[in-house]
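Trainee: Requesting a structural model of the entry that follows:
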Amino acid sequence: MREGKGKRMSDDDDERIPLGIQCAVYASGLFANSLAYMITLVVPLWVLTLEPSALMIGVVLGSRHFLTLLLSIHSGALMDRLGARRVMVFFAVLCILVPVFYPMLPWIPAVIGLQMLIGLATSTGWTGAQTLIGQVMKGNPIYAGRLSFSIRIGVFVGPPIVGVAWDHLGPWGAFSIMSLWATGLLIASLSLPATHPGAPAIADAGQGADRRKEEDGRDGEASKVTLGDLMPKLADYIAAYRLLAIPTVAFIVAVTMLRMAGNGIQTSFYVVYLRSIDITATEIGLLLAVASVLGGVGALAIGPVARIFRPHWLLLISVAGSIVLVAMTPLLGSFFLLAIASGLRGGTMGMSQPLMISILSRATGRESQGKSVGLRATANRLTATFLPIVMGGIIEIAGMEASFLIIGAVLVALMALLAVHVKRTPGLSE
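Mentor: Sure thing, here's the model as predicted:
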């Protein structure tokens, strides 16, 4: 992000990235992110069959983000040190294996453990795609918008498929579809370029596979991964948190938490509420698909729109809109109105996502791309871990419908305070 009076995003520093590399990055984001949405749909339905309390549902759904909360910075640092491709391949395999264990282990403690594993695996895949936008594509908003558009394709296809599978094939069918879907993430990850120190230059990566073969034979030291490389390092966490001294990074982290709080409503009790008013799994999948359509439009539009409007204000407005549109869910009594709200929310989410990726990647150096994305992911998961628990507690006291409105009002008030901060902070409002 170039900061300064009168400066807006542009693609003047655009480099041509080989199409094969672009497709691998976009596909990895597509499968990792859409798999998370498939989990968002199926796991609440699975948990409801176990008949827990509302608070325990919140604990189960929030647990998906716990390991990611602890290890996002570490996984981002690993990508800076070892390259995103190596880390992503490992977690893609985990994404294939974990889903089939859900119906095999129908107990709340087991579900919590599986939630932690699959949450870390899908988040790392998505973090890797974002990291590559910075490492390979220089944080260009055009490429960030294309990545955001690609994941909407995944959300358009994945949740409806798994919703139909749940309605017609039951839990085993739905979770098996998720494992099959995750093989796409593995294929995409294997197709990524090496980005660790000593790897071939990206500009020369048109030879893709040949270059990766050379890497293993030529860059001996870079190719060897020791146990020490894999262990969390305090220095990585300190370096990541030091990035918060950059006003733009601190701003993105704050926006991230509020955006994820709104998203946390949708990924937790949104499905539970819709089931309570007799919306089928197939229809819920369609609602998520509708959101992905307008999300794709918003993502592709962000390049030209960001040249006209100041990105920080555009980001604030789009995030506030996404919060309002999910918080008003109990006020919408029909599938048609729910679909309209879901579509509009998808549009706002589609605009805010590439803005966050691009602003953050331009505010940090190439050597810190993984750590900066890990820092944002940590903020994401901090909110996503605890919001379902808080919402579950509010439901126990005030009821399901009131919980949506209460949390929405609090988040909108916090967005207003953040807007005041942006206005008063030099370099952010200019």
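Trainee: contacts and neighbour counts: CA atoms only from here.
Mentor: OK.
Trainee: now the helix or strand containing V272, how far from the chain's geometric center?
Mentor: When elements are assigned from DSSP states H and E, V272 belongs to helix 271-276. Mean-position distance between helix 271-276 and its chain equals 23 Å (CA atoms, centre = their mean, to the nearest Å).
Trainee: Okay, buried residues for it please.
Mentor: Using 16 or more other CA atoms under 10 Å as the test for burial, helix 271-276 gives 271-275.
Trainee: so which of those residues would you say is closest to S75?
Mentor: Within the buried residues of helix 271-276, the smallest distance to S75 is 29.7 Å, found for V271 (CA to CA).
Trainee: I284 is in contact with the closest one, correct?
Mentor: Yes - between V271 and I284 there is a contact under CA atoms under 8 Å: 7.2 Å.
Trainee: Identify the contacts common to these two.
Mentor: L41 (CA atoms under 8 Å, 6 or more residues apart in numbering).
Trainee: Please give me every residue in contact with A320.
Mentor: Counting by CA under 8 Å, 6+ apart, A320 touches 259, 412, 415.
Trainee: if you set the cut-off to 7 Å instead, what comes out?
Mentor: Listed by CA atoms under 7 Å, 6 or more residues apart in numbering, the contact partners of A320 are 412, 415.
Trainee: element containing it?
Mentor: Assigned by DSSP H and E, A320 falls in helix 311-327.
Trainee: after that helix comes which helix or strand?
Mentor: Assigned by DSSP H and E, the successor of helix 311-327 is helix 335-363.
Trainee: Can you check what angle separates that next one from helix 311-327?
Mentor: Put simply, helix 335-363 runs at 150 degrees to helix 311-327, going by axes from the mean of the first three to the mean of the last three CA atoms, to 10 degrees.
Trainee: Identify each buried residue in helix 335-363, please.
Mentor: Quick answer for helix 335-363 (16+ other CA under 10 Å): 338-363.
Trainee: model confidence over that helix, on average?
Mentor: The average pLDDT within helix 335-363 is 84.
Trainee: Also stretch 119-127?
Mentor: pLDDT averaged over stretch 119-127 gives 85.
Trainee: any idea how far it is from the chain center?
Mentor: Stretch 119-127 has its average C-alpha position 8 Å from the chain's average C-alpha position, going by CA atoms, centre = their mean.
Trainee: Just the residues contacting that stretch, thanks.
Mentor: 28-29, 32-33, 36, 64-65, 67-68, 75, 88, 91-92, 94-95, 373.
Trainee: Tell me which of those fall in helices.
Mentor: 28-29, 32-33, 36, 67-68, 75, 88, 91-92, 94-95, 373 (DSSP state H).
Trainee: Now list the buried members of the residues you listed.
Mentor: For the ones in helices among the contacts of stretch 119-127, a burial check counting by 16+ other CA under 10 Å picks out 28-29, 32-33, 36, 67-68, 75, 88, 91-92, 94-95, 373.
Trainee: Would you reformat these as TSV and include distance to L300 and pLDDT?
Mentor: Shown next, in TSV, are those (distance: CA to CA, whole Å; pLDDT from 0 to 100):
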residue	distance to L300	pLDDT
S28	18	88
G29	15	87
A32	20	89
N33	17	86
A36	22	89
L67	32	84
T68	28	77
S75	28	72
M88	25	85
F91	28	89
A92	27	92
L94	31	93
C95	28	94
V373	21	71
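Trainee: okay, those in CSV with distance to G295 next?
Mentor: Output for those, formatted as CSV (distance: CA to CA, whole Å):
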residue, distance to G295
S28, 18
G29, 15
A32, 17
N33, 13
A36, 16
L67, 28
T68, 25
S75, 27
M88, 25
F91, 26
A92, 25
L94, 28
C95, 25
V373, 21
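Trainee: of these, closest to F404?
Mentor: F404 has its nearest neighbour among these in A36, at 21.7 Å by CA to CA.
Trainee: so who does that closest one touch?
Mentor: Applying CA under 7 Å, 6+ apart, the residues near A36 are T122.
Trainee: Could you point out which residue ranges in this structure have low pLDDT?
Mentor: Along the chain, segments meeting pLDDT under 70 span 1-15, 134-135, 138-139, 141, 194-233, 302-303, 306, 365-371, 427-430.
Trainee: Of the ones in helices among the contacts of stretch 119-127, which is the nearest to T383?
Mentor: Nearest to T383 out of the ones in helices among the contacts of stretch 119-127 is T68 (CA to CA; 11.4 Å).
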